[in-house]
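[1] Dropping the sequence and predicted coords here.
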Amino acid sequence: MAQFKKKQAGTKQEIPTSAMPDVVFMLLFFFMVTTVLREVTLKVRIDLTEAGNIEKIEEKRLVSYIYIGPEVLSNNRLGEDKVQIDDAIVEDIPAIRKLMYDKLLEEPRMIVSLRVDKDSEFGVLTDVQEELKQASAFRVNYSTKSKN
Amino acid sequence: MLLNKPKRDMAEINGSSMADIAFLLLIFFLVTTTINVDTGIGLVLPPPLDVDATPPPVKTRNMMHILVNAQGLVLMNEQPTQVVDVKQKLKDFIKNPERDPDLSESPQKAIVSIKTVRETPYRIYIDMLDQVMGAYAELRNEVSLSNYGRPYSTLGKEQRKIVGDMYPKKISIAEPDKD
C-alpha cells in the first residue's frame, strides 16, 4: 500500500535569537540615557495650572527649578506658601540671589523653571523674581500643564 | 613531539543568560523612566532698575497697561476686561489696523506692561499671560502664513527672526507697589 508520509520542511523553523541581547542592550542604553533617577522630594504642594500657548524646554540640562507652594505639614495639612530649591525649603528669600547666581556661573544659559502651585498668591513669586533679576538670571519659564 | 599537544577547548563564558540580565536591567529602567517634557510659558525678566536712571520715554499710546488685582480682575488701560477678551484686545492694540490714535503706532513700538499686586491669584496671572502669548503667537502666525505660506512653528531660524522682529515681544513685568 502506498503510504503518504507527511512532508516536512527541511529547514528548522526557528527565529534566530543570537541578536536578541544586542537589541535589548540597545533599548537598555536608550532608557539609561533618558532616565533621570534623582527626583527631588517635594516639601511643598505643587499643582500646576494649565495654559494653551506654551513652549517646550528641550534641553533639560539647562533647567533649574524653583518650587513655590503651600508647605505640606504632617497629617496632610497645608501651611504657608514656601519656596523650595533643590531639596530644602528656603526661608531666607534674599539667599536665593546667591544660590541662583552660583548656578548661573556654572551654566550661563540657565533657564529657571518656576513651578508654582495654582492656588498660591503672587507675592512670594514677586520676591523670588526680584532676587532672580538681581542675580541676572533673566530667563524664566512658568511651568504649566498643556491645556489640549 | 611537542607539536602533538592535544588541542584544548577555549575557555568560554556561558553567554546564554546575558539576554536575561539585559532584560532585567531594561525593565528596571523602563519602569523608572519618566519621559516628561517640561512645558511652560517662557519669559525674559527685565534687568533690575537702576535707582538713578530715569526710564526711557515711551509714548502713552504705545503702552498697554495690564493690571491684575487681588480679586483676579483684569484692567487693560483702566478698562475692566474679561480674561478671555485680553487676546483680541491686545491684537487690536498691537496691529492697530485702523490707525486709531489711541492704540500703538506700529507693532514694533507696542509695549505690554503687566502689573500685579501681591495678592493676585497666580492662576489668573498665568491665564492672562497665556492670552498675551496667544496674541503674539497668532499675529506671528498670520504674517508667517501670508509671507511664507506655512505656520510659524515650521519656519527656519532666519525666517523666525524676521517674523519675530515684525512683532517683537516687548513684555515688561512691573514690580507690585510696596504696601
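    Received it, and whenever you're ready, just let me know what you need.

[2] by contact count, what packs against the longest strand seen in chain A?
    Selection of the longest strand in chain A by residue count, based on DSSP state E, yields strand A:63-72. Judged by 3 or more CB pairs under 8 Å, 6 or more residues apart in numbering or on different chains; DSSP states H and E, strand A:63-72 is in contact with strand A:78-85, helix A:95-106, strand A:111-116, helix A:122-134. C-beta: built from backbone N, CA, C; applies to glycine.

[3] show me where pLDDT drops low in the chain?
    Since you didn't name a chain, this refers to chain A. Confidence mapping of chain A against pLDDT under 70 gives the ranges A:1-2, A:6-10, A:12, A:36-39, A:148.

[4] hmm, I had chain B in mind actually
    Using pLDDT under 70, chain B drops low at B:1-7, B:34-36, B:51-53, B:55, B:176-179.

[5] follow-up on the earlier one: quick one: residues in contact with the longest strand of chain A.
    Contacts to strand A:63-72, defined as CB atoms under 8 Å, 6 or more residues apart in numbering or on different chains, come from residues A:40, A:42-47, A:57, A:78-85, A:89, A:96, A:100, A:103, A:107, A:110-117, A:119-120, A:124-125, A:128, A:141, B:38.

[6] which of these count as buried?
    A:44-46, A:57, A:81-85, A:96, A:100, A:103, A:110-117, A:120, A:124-125, A:128, A:141, B:38 (16 or more other CB atoms under 10 Å in any protein chain shown).

[7] Can I get the helices and strands packed on strand A:63-72 in TSV including distance to A:G69?
    Compiled in TSV, the helices and strands packed on strand A:63-72 are given as follows (distance: least, CB to CB, whole Å):
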stretch	distance to A:G69
strand A:78-85	7
helix A:95-106	16
strand A:111-116	7
helix A:122-134	9
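
[8] Can you tell me which of those is nearest to chain B?
    helix A:122-134 (3.5 Å; CB to the nearest CB).

[9] The next helix or strand after that closest one vs chain B: in contact?
    Remark: after helix A:122-134, the chain's next helix or strand is strand A:139-143, criterion DSSP states H and E. Yes - against chain B, strand A:139-143 shows contacts by CB under 8 Å from any CB of the partner chain at A:139-143.

[10] what packs against strand A:139-143?
    Using 3+ CB pairs under 8 Å, 6+ apart: strand A:139-143 touches strand A:111-116, strand B:38-44.

[11] Could you list the residues in contact with the first one?
    Around strand A:111-116, the neighbours that count as contacts under CB under 8 Å, 6+ apart are A:46, A:48, A:57, A:62-69, A:100, A:125, A:128, A:132, A:137, A:139-143, B:38, B:40, B:42, B:122.

[12] quick one: buried residues of the longest strand of chain A?
    Of the residues in strand A:63-72, those buried (16+ other CB under 10 Å) are A:63-71.

[13] Buried subset of the residues of strand A:139-143 next to chain B, written for ChimeraX?
    To isolate the buried ones among the residues of strand A:139-143 next to chain B in ChimeraX, judged by 16+ other CB under 10 Å, type:
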select /A:139,140,141,142,143
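
[14] give the contact list for A:E55.
    With CB under 8 Å, 6+ apart, A:E55 has these contacts: A:141, B:39-42.
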